[in-house]
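Asks: below is the structure, and that's it, no one-letter string:
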Ligand code: NQM
């Protein structure tokens, strides 16, 4: 069923094998790497034509016209030891013809294990299947455990059906554990608080690089809706200024064309959690919070002296509850200092996913492509081919 020549005009006429999935609170197009061009520039060009970018409505493609629904997962068998599949995440620009590789996505990660089983990369093992996943964007390794029956993922679930805030109804639980390599410190600057542009900021990365700031430091109380925050152009400009300075300090280089670090405004909890959040991702405001964003904020809550710990106060028990605009996210993180005092962390999250559509996608033809810009430099650890 795959197109014989994924790089050629043939693909446009014959279609490209693609599965649309909800992963957690996001939605994206999942591909086998073998069904896409091996060359990253050709791949990105094709994905822009598939998603319908650049166009604010993505009307001529399958993108959902919001950063949370303009996402792609590329999956391949892994050559790494003790890993089943490699997962490359691509954030497809909506109004800009940009395909970004600087971040991963913990929500689309939820669909990767089931997709690997659907495509025959991993064999289901009875009622529960475990898939080990290498996140190519960050180098982190994830373990995904989910329910299977008759050799296929069971998305609906029965006994294990759960609810996650931001998604209507119930679905089968997907348990994700993510951990960074030994060379990856939790606090990239080695400090619990940095001063940027007159603001006190915690720069932290437990799977997703984030900058944590006090909402009241920016003149908001942290209960505003995403739409109200997005409408405040002055606030967005100040946050972007801090972000551009935070990127190089976190080792991310020039982040003008990147979607990291994410900017998280924190304020006191209102519903029994540890603290409340509003996440700039980075120009739109998240309707909930990303999985790995929540893991990074929860790790900050657990490290004494950070902005998040200052707001949350002491937190006991295994779960750090992160409040967000559509409910809360129960994050399980483990943080501990090395012998030399360098903080390390891992996370465990509960997600759900669902196969929405499986078939062939037909890209806009290359001849109708709007003018393109340079693809940003890729920090991907290893090519997905
Ligand atoms: O933080 C949104 C999402 C994300 C990222 C974004 C994510 C995560 O909610 O793990 O999943 O930052 O664009 O999908």
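Replies: Nice, I can see it. The structure presented is a predicted model; accordingly, all values stated were derived computationally and were not measured.
Asks: surely residue 281 meets residue 264?
Replies: No: assessed by Cβ atoms under 8 Å, residue 281 is found out of contact with residue 264, at 9.6 Å. C-beta coordinates here come from the backbone N, C-alpha and C atoms, glycine included.
Asks: so between those two, which is more surrounded?
Replies: Remark: of residue 281 and residue 264, residue 264 carries more neighbours, 32 against 23, as counted by other Cβ atoms under 10 Å.
Asks: so what sits against both of residue 281 and residue 264?
Replies: Taking Cβ atoms under 8 Å, 6 or more residues apart in numbering as the criterion, residue 281 and residue 264 both touch residue 293.
Asks: number of nearby residues for the residue of the stretch 1-150 of the chain found nearest the ligand?
Replies: Here the stretch 1-150 of the chain gets closest to the ligand at one residue, residue 106, 2.6 Å apart by Cβ to the nearest ligand atom. Around residue 106 there are 28 other residues, counting by other Cβ under 10 Å.
Asks: ok, it - contacts?
Replies: Taking Cβ under 8 Å, 6+ apart, one finds 24, 176, 178, 207, 208, 290, 291, 292, 293, 295, 349, 351 in contact with residue 106.
Asks: same thing with residue 99?
Replies: Counting by Cβ under 8 Å, 6+ apart, residue 99 makes contact with 43, 44, 47, 48, 72, 90, 91, 92, 93, 375.
Asks: helix, strand, or coil at the nearest residue to it once chain neighbours are set aside?
Replies: Sequence neighbours aside, residue 44 is the residue nearest to residue 99 in space, at 3.9 Å (criterion: Cβ to Cβ, 6 or more residues apart in numbering). Following DSSP: H, G, I helix; E, B strand; the rest coil, we place residue 44 in the helix state.
Asks: can you pull the pLDDT of residue 44?
Replies: On the pLDDT scale, residue 44 is placed at 97.
Asks: again with residue 182
Replies: In this model, residue 182 carries a pLDDT of 68.
Asks: list the ones among the contacts of residue 106 that fall in helices.
Replies: Mapping the contacts of residue 106 onto helices (DSSP state H) picks out 291, 292, 293, 295.
Asks: what number of neighbouring residues does the first one come out with?
Replies: A count of nearby residues for residue 291, using other Cβ under 10 Å, gives 30.
Asks: before we move on, the earlier item: tell me, which of the contacts of residue 106 make contact with the ligand?
Replies: With Cβ under 6 Å from any ligand atom as the criterion, those include 208, 290, 291, 292, 293 near the ligand.
Asks: farthest pair within the residues you listed?
Replies: 208 and 291 (8.1 Å; Cβ to Cβ).
Asks: quick one on the thing from earlier: are any of the contacts of residue 99 buried, and if so which?
Replies: Using 16 or more other Cβ atoms under 10 Å as the burial test, these include 43, 44, 47, 48, 72, 90, 91, 92, 93, 375 as buried.
Asks: thought the third one was touching residue 90?
Replies: Yes: under the criterion of Cβ under 8 Å, residue 47 makes contact with residue 90 at 6.4 Å.
Asks: and for those two, which residues touch both?
Replies: 72, 99.
Asks: tell me the contacts of the nearest residue to residue 356 once chain neighbours are set aside?
Replies: Leaving aside its chain neighbours, residue 356 sits nearest to residue 20 (4.5 Å; criterion: Cβ to Cβ, 6+ apart). By Cβ under 8 Å, 6+ apart, the residues touching residue 20 are 27, 28, 29, 30, 62, 355, 356, 357, 358.
Asks: the residue of the stretch 201-350 of the chain found nearest the ligand and residue 32, how far apart?
Replies: Residue nearest to the ligand within the stretch 201-350 of the chain: residue 290 (2.1 Å; Cβ to the nearest ligand atom). Taking Cβ to Cβ, to the nearest Å as the criterion, residue 290 is separated from residue 32 by 24 Å.
Asks: comparing the two, which residue is more hemmed in?
Replies: Per other Cβ under 10 Å, whichever of residue 290 and residue 32 has more neighbours is residue 290, with 28 against 22.
Asks: the more buried one: what's it in contact with?
Replies: 26, 105, 106, 107, 208, 262, 279, 281.
Asks: what strands line up against the lengthiest strand in the chain, and which way round?
Replies: Longest strand of the chain, by residue count under DSSP state E: strand 327-337. Its sheet considered, strand 327-337 pairs with strand 319-324 (antiparallel), strand 343-351 (antiparallel) by DSSP bridges.
Asks: now tabulate the ones you listed in TSV and tack on mean pLDDT.
Replies: Below are these laid out as TSV (pLDDT from 0 to 100):
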stretch	mean pLDDT
strand 319-324	97
strand 343-351	94
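Asks: neighbouring strands for the host helix or strand of residue 359, and are they parallel or not?
Replies: Under the criterion of DSSP states H and E, residue 359 resides in strand 353-361. Applying DSSP bridges to the sheet, strand 353-361 is found paired with strand 16-23 (antiparallel).
Asks: what residues does the helix or strand just after the strand it pairs with touch?
Replies: Sequence-wise, the next helix or strand downstream of strand 16-23 (DSSP H and E) is strand 26-32. By Cβ under 8 Å, 6+ apart, the residues outside strand 26-32 that reach it are 2, 16-21, 47, 50-51, 62, 64, 68-69, 71-76, 105, 107-108, 111-112, 115, 119, 121, 290, 356, 361.
Asks: just want the angle from strand 26-32 to strand 16-23.
Replies: 150 degrees (axes from the mean of the first three to the mean of the last three Cα atoms, to 10 degrees).
Asks: next, the buried residues of strand 26-32.
Replies: Applying 16+ other Cβ under 10 Å to strand 26-32 flags 26, 27, 28, 29, 30, 31, 32 as buried.
Asks: cool, and stretch 285-305?
Replies: 285-303.
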